[in-house]
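A.B. asks: Quick one, fold the following:
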Amino acid sequence: MVVTRLQEVRMTRKTFLFYPETAATTARSFCLDWNVAARLCSLYEGQTFIGSPEMRDRLLDLAARMTDQSAVIAGFAATEPEARPDMPATVVSRMTERAVVATAMLEQGHAQLSDFLDGTLDPKQVILVDRAPGGVGRVDDLSEIWVQPGYVILLKALTLAASGKDPLASIDEFRFWLNFDFRYRPSREVWLGMLLIGGNGKGKALVENLLKTQRARTRAERIRDLWGASWDVFYTRLVGMTGDVLPEFPRPVVFVSDDEKLIEAVHEVELAGVSESRGGNPLGHDYVPIEGYFDQPVASAVQVAINDLNSRVLEDTRSAQRIVTQLRIKARHERPRLEQLL
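C.D. replies: Predicted coordinates for the structure are as follows:
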């Protein structure tokens, strides 16, 4: 998979950003970030479209890329606000409803989107939402199993970066925590964490722009920004793994976003391949760039840590069920503790 460099895919006024960009003209399945999906839900609920002309053009461009054979994988992106850490409770029925609506609005209503945006046609007259969102199972499980662990990893990296310790010591602590405590090592989130801890000026700027850590924020705002970024990073990882994780969806798969900082953060990351752990679980391996983002001797330490993490992933003998069970427990324990340290 070749990912076009960001300077070649800058967002225009009339199009969203696509990851990988090379699939933008041939995509058959579409993952949506929460902002795009939430706007589709708002239209379905009868809210007048109040976005900019540019946003309207981007939505219409997206709809024009779809056919009756196209699929929306991540309509459940619309559920992200429902699962935020500051929500008093997760309402599963509400999450599922929003997931179904966002999926149906594009799969069934792509040809009528212009009328929905203009308010000349009520989506409820033509959109049927009496089915579960394809391929995702329970949307609350998606959040807890796949998004929350990545969020906890970035939380851990933020606390280490703010600790004032030597970057080499913090990188080794991060590696040890991932291997022997948390026991989950998604390469994309791990790489972003390494950038927070030991990246040079270019590396830190890239990840801080994504997580908005360079801004003056309250603790609640920092948590919300980190949570939202965790969802989007998960989606960029999902598009490369779709053939193995969600084989029923047609490929190529593309992630759709209006967040340039997100695409800038991952545009040099590529899925290097899929292997099988000793436990029989399919695992995606990312190529993550180190040169140019870390100075020596940190760069060498990061490479050693990543190699060690990758080898331990392949040596993992746990079943998928056991991995998920342990991740739930670990994430539930670590999340509130680390949030208190922000």
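
A.B. asks: Going by C-alpha atoms from here, please, whenever you check contacts or count neighbours.
C.D. replies: Fine.

A.B. asks: and the gap between residue 142 and residue 99?
C.D. replies: 12 Å (C-alpha to C-alpha, to the nearest Å).

A.B. asks: The two: which has the busier surroundings?
C.D. replies: More neighbours surround residue 99 than the other of residue 142 and residue 99, with 28 against 13 (other C-alpha atoms under 10 Å).

A.B. asks: what's the following helix or strand after the helix or strand containing that one?
C.D. replies: Assessed by DSSP states H and E, residue 99 sits inside helix 92-107. Using DSSP H and E, the helix or strand that follows helix 92-107 in sequence is helix 113-118.

A.B. asks: any idea how far that following helix is from the chain center?
C.D. replies: 28 Å (C-alpha atoms, centre = their mean, to the nearest Å).

A.B. asks: Next: stretch 221-233.
C.D. replies: Relative to its chain's centre, stretch 221-233 lies at 9 Å (C-alpha atoms, centre = their mean).

A.B. asks: what comes up buried for it?
C.D. replies: Across stretch 221-233, burial judged by 16 or more other C-alpha atoms under 10 Å covers 222, 223, 224, 225, 226, 227, 228, 229, 230, 231, 232, 233.

A.B. asks: who touches the fifth one in this structure?
C.D. replies: When you say that, I think you mean residue 226. Applying C-alpha atoms under 8 Å, 6 or more residues apart in numbering to residue 226 gives the contacts 151, 154, 155, 211, 212.

A.B. asks: try the fourth one
C.D. replies: If a contact means C-alpha under 8 Å, 6+ apart, then residue 225 has 211, 212 as its contacts.

A.B. asks: State the distance from it to residue 278.
C.D. replies: Distance of residue 225 to residue 278, given as C-alpha to C-alpha: 36 Å.

A.B. asks: Export stretch 46-56 to PDB, keeping only CA atoms.
C.D. replies: Extracted C-alpha coordinates of stretch 46-56, given in PDB (Å, rounded to 0.1, in the frame of the first residue of the first chain):
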ATOM      1  CA  GLY A  46     -34.500  17.100  10.900                       C
ATOM      2  CA  GLN A  47     -31.900  19.700  11.900                       C
ATOM      3  CA  THR A  48     -31.200  22.300   9.300                       C
ATOM      4  CA  PHE A  49     -27.700  22.000   7.800                       C
ATOM      5  CA  ILE A  50     -25.700  25.000   9.100                       C
ATOM      6  CA  GLY A  51     -22.300  24.000   7.900                       C
ATOM      7  CA  SER A  52     -20.100  26.000   5.600                       C
ATOM      8  CA  PRO A  53     -20.400  25.900   1.800                       C
ATOM      9  CA  GLU A  54     -17.100  24.000   1.800                       C
ATOM     10  CA  MET A  55     -18.600  21.300   4.200                       C
ATOM     11  CA  ARG A  56     -21.700  21.000   2.000                       C
END
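
A.B. asks: contact partners of it?
C.D. replies: Outside stretch 46-56, the residues that touch it by C-alpha under 8 Å, 6+ apart are 13, 14, 42, 43, 117, 118, 119, 122, 123.

A.B. asks: repeat that with 6 Å
C.D. replies: Identification of contacts with stretch 46-56 by C-alpha atoms under 6 Å, 6 or more residues apart in numbering yields 13, 14, 117.
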